[in-house]
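**Q** just need the structure, nothing else, for what follows:
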Amino acid sequence: MQLLLDSHILLWWDSDLSRLSGDQREAISDPGNTVFVSAVTGWELGIKRSTGKLVLTDSIRELARRFGFLELPVTMEHGELAASLPLNHKDPFDRMLVAQAMAEGLTLVTVDGAIRGYGVACL
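**A** Next up, the predicted model:
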């Protein structure tokens, strides 16, 4: 399975595994699965970090690398797909993650119920 982590999932993987479901923990830790972290997550969490809303000892990139997660860049296809999505979710970062998951055939690991309204595979 190929997984794309929502921003909060990456943070919880680092600091509070108890907030993840058993299925989420199992899937992320399964060496047979490929786990991606989007450049969008780096952007979103980087903004929170720069405004003082988030404190991390490592960069988002280093955090993802420490766990062996792969970087997922944003492409023009992702941008156009995200722009075409209905505004079920007001957060542009989350809409981009939905678009990336759709375009790349990834399962989005999230607890955000609004994302499920897009029909994207979620865990």
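
**Q** hey, let's count contacts and neighbours off CA atoms from now on
**A** OK.

**Q** quick one, strands of this protein?
**A** With DSSP state E, the ranges of strands along the chain come out as 2-5, 34-38, 70-72, 107-109.

**Q** what's the mean pLDDT across the last one?
**A** What that stands for is strand 107-109. Averaged across strand 107-109, pLDDT comes to 97.

**Q** which strands and helices lie in contact with that strand?
**A** Judged by 3 or more CA pairs under 8 Å, 6 or more residues apart in numbering; DSSP states H and E, strand 107-109 is in contact with strand 2-5, helix 92-104.

**Q** how far off centre is the last one?
**A** Put plainly, it is helix 92-104. Its chain's average C-alpha position is 9 Å from that of helix 92-104, according to CA atoms, centre = their mean, to the nearest Å.

**Q** do the same with stretch 46-59
**A** 16 Å.

**Q** quick revisit: of all the helices and strands packed on strand 107-109, which gets the most neighbours per residue?
**A** With neighbours defined as mean count of other CA atoms under 10 Å, the helices and strands packed on strand 107-109 peak in mean count at strand 2-5, which reaches a mean of 24.

**Q** which residue sits closest to T41, ignoring its sequence neighbours?
**A** Closest residue to T41 apart from its sequence neighbours, by CA to CA, 6 or more residues apart in numbering: S7 at 5.4 Å.

**Q** mind listing what the one you found touches?
**A** When contacts are counted by CA atoms under 8 Å, 6 or more residues apart in numbering, S7 touches 41, 44-45.

**Q** which one of those residues is nearest E77?
**A** Closest to E77 out of the contacts of S7 is T41 (17.6 Å), distances taken as CA to CA.

**Q** so what's R19 up against?
**A** W12.

**Q** what's the pLDDT at it?
**A** For R19, the predicted pLDDT is 96.

**Q** and it, how far is that from T57?
**A** Distance, R19 to T57, by CA to CA, to the nearest Å: 20 Å.

**Q** and for T110?
**A** According to CA to CA, T110 and T57 sit 23 Å apart.
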